[in-house]
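Novice: Sequence unavailable; structure follows:
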């Protein structure tokens, strides 16, 4: 048994890519996309015709509508490769506008439904885990539109998401690791901070334990991995979304994968239940320098890639 097969005994494996042609070899259950992944995919020659088709079919439409048509087209292709769900992201420029996020999500869902997709079971709408994003996600969930809260770096974000009843959260392991490594500088000890001691791993474990202890139904999906060690340290997490290069490493490695995160163990822990109103959430997030910086950085990066993707579409329309 290789490590990918062994990991699947404890955790649902999700492919973190927009390159749907890569997916079949790893047989993931679900797949996640974001503007950066779609941008990377459409710059490959094999995907150029898809971009051109969307632009040609949507001639005269505003660029935001074309963007949604493109990401839904990728999502529909991905759904032919995976048996489960695809996560499709709302434009990160709407991260601080709850009403606009809801409207954009509804439009994306309508596009999927027009293609015959059962969105209730097969689509998750990705939204940045800002206060506004979490409130928008709560409204969408009440409408039967399931959500994946992304750019999540802190326990306070996770708690607010759980209280809002979102379907799934994506805490970013690798980006948390990056921040602490940069802060430590020359004092960083890679060996000492690996595996269970990795700060990104510890963050996800803390959120997982909190959810399972209090019976919160929101799924936890570790994301943004830098190495296989981080993935193996989270075996037992509800889901893990993994880039193709790391999936390939797991598939090429033999050996067992120990069960690390355990809901039954979490239920016996002594933990305090916490709730946040808007002021409390903003204060708690502000108190976490890592989460504040990485959330802002992540939104900026997704916006920059969305702009680049729009520029490619505009060039294709000429």
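Specialist: Perfect, I can see it now. The model shown is predicted, which means the values in this text are computed figures rather than measured ones. Residues are numbered from 1 along each chain as shown.
Novice: Quick check: longest helix in this structure by residues?
Specialist: In the chain, with assignment by DSSP state H, the single longest helix is helix 289-317.
Novice: what's in contact with the helix or strand harbouring residue 280?
Specialist: Using DSSP states H and E, residue 280 sits within helix 278-287. The contact list for helix 278-287, computed with CB atoms under 8 Å, 6 or more residues apart in numbering, reads 131, 154, 156, 157, 160, 276, 291, 292, 295. Quick note: C-beta positions are derived from backbone N, CA and C, even for glycine.
Novice: I'd say the first one and residue 157 touch.
Specialist: By that I understand residue 131. No: between residue 131 and residue 157 there is no contact under CB atoms under 8 Å: 9.1 Å.
Novice: Compare these two (neighbour count), which wins?
Specialist: Using other CB atoms under 10 Å as the criterion, residue 131 and residue 157 rank with residue 157 on top: 28 against 19.
Novice: Report the buried residues of the longest helix of the chain.
Specialist: Buried residues in helix 289-317, defined by neighbour count with 16 or more other CB atoms under 10 Å: 290-291, 294-295, 298-299, 301-303, 305-306, 309-310, 312-313, 316.
Novice: picking that back up, quick one: distance of the helix holding residue 280 to the chain centre.
Specialist: Relative to its parent chain, helix 278-287 has a centroid offset of 22 Å by CA atoms, centre = their mean, to the nearest Å.
Novice: so that helix versus helix 289-317, what angle?
Specialist: Relative orientation of helix 278-287 with respect to helix 289-317: 90 degrees, computed using axes from the mean of the first three to the mean of the last three CA atoms, to 10 degrees.
Novice: Tell me the buried residues in helix 278-287?
Specialist: Using 16+ other CB under 10 Å as the test for burial, helix 278-287 gives 281, 284, 285.
Novice: tell me the mean pLDDT over it?
Specialist: The average pLDDT for helix 278-287 rounds to 98.
Novice: Could you do stretch 309-318 as well?
Specialist: Per-residue pLDDT over stretch 309-318 has a mean of 87.
Novice: Which residues does it contact?
Specialist: 35, 38-39, 42-43, 51-52, 54-55, 59, 63, 66-67, 70.
Novice: Just the buried ones from the residues you listed, in ChimeraX syntax?
Specialist: Buried residues among the contacts of stretch 309-318 (16+ other CB under 10 Å), as a ChimeraX selection:
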select :35,38,39,42,51,54,55,66,67,70
